[in-house]
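could you look at this predicted model? Sequence included:
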Amino acid sequence: MTGSDSDKREKRLRQRVFLTVSAGVFMSTMDSSLVNVALPTLMQVFSTSLAVTEWVMLIYLLAITVLLVFWGRLCIHWGCGRIYTKGMVLFTAGSLLCGLAPSVWFLIGFRFVQAVGASMMMATGPALIRSIYPPRLLGRGLGLIGVATSLGLMTGPVVSGLLLRWVHWRAIFLVTVPVGIAFVLFGRSSLMQVGKAAEPGSKGKITDCRGQPGRFDLTGSLLWAGTVSLTLLLATHATTLCCGKDFVPSFIFHAGSVCMVLSWLLFLWYEMRCPAPMLPLELFRQRFFAMAMVSSTLSFAVLFFVLILIPFYLDRILGLPSDRIGYVMMALPLSVFIVSPLAGRLHDRVGAKFVATSGLLCCLVGMLLLTTLDRETTALSVAFRLVLMGFGQAMFLAPNSASALANVTDEQAGLTASLLATSRNFGMLAGTALGGLLFAVHFARETGGLDMRDFIPAATPAFLFALKQTFLYGAALSAISVIASWLRQPNGGQGRKGA
């Protein structure tokens with residue numbers, strides 16, 4: 001085989017891997033934005049409270065958050081390509097089951113199946129991209145994946161709005177099934193060539209954050225899953241348990257809060273003493289890594305304050321139909337789509353610190369503008385605020401990811417990719433739960449204990465007050481993320497260790 005033929009073959013392989021990874025990112029992000037827009041409809045169809053309806057989103061985010069590092073560790077044993085392929089199959093099957101769900105509880109259960117597949121793709125996707133791009137173009141490659149992310153987020157609200165208005169809510173889950181089947185068939189063989197398991201002599205070995213052999217941290221993984229789940233349950237049901245006057249719910253809440261604190265302390269204590277921890281705390285002692293994780297978590301928490309509540313504002317206050325809600329919500333990912341390639345190129349030129357921090361400053365301004373929403377605000381004005389949020393998120397995401405991935409060894413790439421995805425999804429999870437909790441508490445106080453399913457036009461002032469207060473909390477978190485991003489090393493993202 002000539003050098004030219006070899007180059008063409010390598011180029012085709014790179015294209016297939018990139019397209020397949022992009023398709024998985026597209027489907028998983030589109031599915032998330034599909035459900036965001038559908039929450040008001042699902043609440044009405046199943047006659048459930050906000051706390052229960054939220055779990056259609058939360059179970060998806062929760063499962064992804066607790067499983068990402070698990071799949072990142074297993075990359076060494078199974079290979080990233082195999083895990084990614086199986087994840088796409090499982091995600092597609094879960095989508096089909098969600099479209100057939102007979103009740104909200106079955107829908108929540110099938111969303112868990114879908115999320116397991118999504119977590120397998122999210123944990124391994126960045127590592128696969130890293131394997132096909134040279135170090136000097138890593139920011140560009142991740143920026144292009146940012147385009148796929150934004151395309152999914154951008155397409156989701158529009159598709160969801162149209163399907164909800166003209167077809168059926170079940171169609172929002174079934175729409176990803178043919179895409180998943182097509183790309184499993186298209187990319188399976190290419191992924192197996194690129195994302196291989198470790199060499200036979202080391203296959204099956206798990207390494208700690210220093211690259212030393214160790215066993216998989218099953219205890220730490222279970223503690224992580226239990227701690228995050230307990231925290232989420234308390235956050236979503238806090239208004240039910242602690243705002244009433246009954247002794248038993250109040251006791252359950254306070255006892256659960258104590259258990260939650262103890263669980264976090266136990267988890268951190270155990271991880272600090274484990275030779276191969278699920279959460280590699282030694283990596284967090286490196287400032288470039290710690291600041292990337294903290295700023296990523298906070299930025300996505302703030303983003304999901306917006307994504308969980310704005311559809312309710314557009315539906316309840318502005319009275320927009322489902323398709324117009326989708327068009328307005330599309331403004332945020334549309335700006336991400338346009339800006340992401342530029343952000344990746346800027347990172348390759350000047351590094352992560354200035355690009356990522358300026359993006360988070362834009363998000364902060366966007367959050368402050370969202371606190372001014374009222375009943376007279378136009379849909380176009382809301383879209384402008386979302387464009388500013390999307391611009392900031394795009395300027396932040398690719399440089400932040402590249403700064404973390406470029407400064408770790410090849411052996412740590414899979415784990416680092418999964419930790420980046422964990423930080424993003426933990427932020428989404430925390431933002432959904434905390435945003436919903438803060439809004440529900442303020443709304444209940446202003447209305448004498450009403451839930452969002454009981455909304456009437458007379459409760460509009462209470463809704464707007466609760467929305468403003470919640471977004472003010474979001475702005476505070478956004479300011480902290482700006483500080484965290486600025487504290488990273490000036491040269492974060494320049495060069496790869498061990499390459």
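In hand now; what should we look at? Residues are numbered from 1 along each chain as shown.

tell me where this structure has strands.
206-207, 213-214 (DSSP state E).

same question for the last one, mean pLDDT?
When you say that, I think you mean strand 213-214. The pLDDT scores in strand 213-214 average 48.

show me what contacts the spatially most central residue of the chain?
The residue lying closest to the centre of the chain (Cα atoms, centre = their mean) is Asn425, at 3.5 Å. Applying Cβ atoms under 8 Å, 6 or more residues apart in numbering to Asn425 gives the contacts 61, 64-65, 68, 122, 300. All C-beta atoms are positioned from the backbone trio N, CA, C, and that covers glycine.

just the buried members of these?
Burial by neighbour count, judged by 16 or more other Cβ atoms under 10 Å, picks out 61, 64-65, 68, 122, 300 from these.

what's the spacing between Ile64 and Ile456?
36 Å (Cβ to Cβ, to the nearest Å).

does Arg130 touch Ser401 like I think?
No - using Cβ atoms under 8 Å, Arg130 is not in contact with Ser401, being 10.0 Å away.

before we move on, the earlier item: need the buried ones among the contacts of Asn425 in CSV with pLDDT and distance to Leu283, can you?
Shown next, in CSV, are the buried ones among the contacts of Asn425 (pLDDT from 0 to 100; distance: Cβ to Cβ, whole Å):
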residue, pLDDT, distance to Leu283
Leu61, 81, 23
Ile64, 81, 20
Thr65, 78, 18
Leu68, 76, 15
Met122, 81, 19
Phe300, 89, 19
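
rewinding a little: intersection of neighbour lists for Arg130 and Ser401?
With Cβ under 8 Å, 6+ apart as the test, Arg130 and Ser401 reach no residue in common.

these two: who's more crowded?
Shown here are Arg130 and Ser401; by other Cβ atoms under 10 Å, Ser401 has more neighbours (32 against 26).

just the pLDDT for the more buried one.
77.

now do the one 4 residues further on
Per-residue confidence for Leu405 comes out at a pLDDT of 72.

for the one 10 residues further on, same thing?
At Leu415 the predicted local confidence, pLDDT, stands at 67.

ok, now the one 3 residues further on?
pLDDT, the model's per-residue confidence, is 69 for Ser418.

check the one 3 residues further on too.
The predicted local confidence for Ala421 comes out at a pLDDT of 74.

state the number of residues packed around it.
Neighbour count of Ala421, defined by other Cβ under 10 Å: 26.

roughly how far does it sit from Arg130?
13 Å.

then Ser103?
Counting by Cβ to Cβ, the gap from Ser103 to Arg130 is 42 Å.

ok, now Gln469?
As judged by Cβ to Cβ, Gln469 and Arg130 stand 41 Å apart.

before we move on, what about Ala356?
Counting by Cβ to Cβ - Ala356 and Arg130 are separated by 18 Å.

with Thr65 instead?
Taking Cβ to Cβ as the measure, Thr65 falls 22 Å from Arg130.

with Phe396 instead?
Going from Phe396 to Arg130 by Cβ to Cβ gives 19 Å.

same check on Pro333?
24 Å.

what's the domain layout of this structure?
With domains defined by automatic domain parsing, the chain comprises 3-217+274-486, 218-273.

out of those domains, which is the most enclosed?
Mean neighbour count (mean count of other Cβ atoms under 10 Å) peaks for domain 3-217+274-486 among the domains of the chain, with a mean of 21.

quick one: it to chain centroid distance?
With Cα atoms, centre = their mean, to the nearest Å as the basis, domain 3-217+274-486 stands 3 Å off its chain's centre.

and stretch 270-282, by the same measure?
On the basis of Cα atoms, centre = their mean, stretch 270-282 sits 24 Å off its chain's mean C-alpha point.

list the contacts for Ser103?
With Cβ under 8 Å, 6+ apart, Ser103 has these contacts: Phe46.

skipping its backbone neighbours, what lies nearest Phe391 in space?
Closest residue to Phe391 apart from its sequence neighbours, by Cβ to Cβ, 6 or more residues apart in numbering: Ser335 at 4.7 Å.

I'd say that neighbour and Met395 touch.
No - in terms of Cβ under 8 Å, Ser335 does not count as a neighbour of Met395; the distance is 10.0 Å.

so, low pLDDT: which residues of the stretch 251-400 of the chain?
By pLDDT under 70, the low-scoring segments of the stretch 251-400 of the chain are 251-253, 344, 347-348, 351-352.

can you pull out the helices in it?
Secondary structure of the stretch 251-400 of the chain (DSSP state H, counting those that start in this stretch): helices at 281-284, 287-312, 322-329, 331-350, 352-370, 379-405.

now do the contacts for Gly220.
267, 270-271, 274, 277-279.

mind checking how far the closest residue to it other than its chain neighbours is from Phe288?
Closest residue to Gly220 apart from its sequence neighbours, by Cβ to Cβ, 6+ apart: Met278 at 3.8 Å. Separation of Met278 from Phe288 (Cβ to Cβ): 21 Å.

how far away is Thr460 from Phe337?
33 Å.

same check on Ala417?
In terms of Cβ to Cβ, Ala417 sits 22 Å off from Phe337.

next: Thr20.
20 Å.

give me the mean pLDDT for stretch 218-232.
If you average the pLDDT over stretch 218-232, you get 83.

okay, now the unreliable bits of the stretch 1-150 of the chain?
Along the stretch 1-150 of the chain, segments meeting pLDDT under 70 span 1-7, 76, 135-140, 142-143, 146, 150.

and the helices in it?
So, for the stretch 1-150 of the chain - with DSSP H, counting those that start in this stretch - the helices run 3-46, 50-53, 55-78, 80-99, 104-132, 138-166.

quick one, which of the ones you listed is nearest to Ala182?
With Cβ to Cβ as the measure, helix 3-46 is the member of those nearest Ala182 (8.1 Å).
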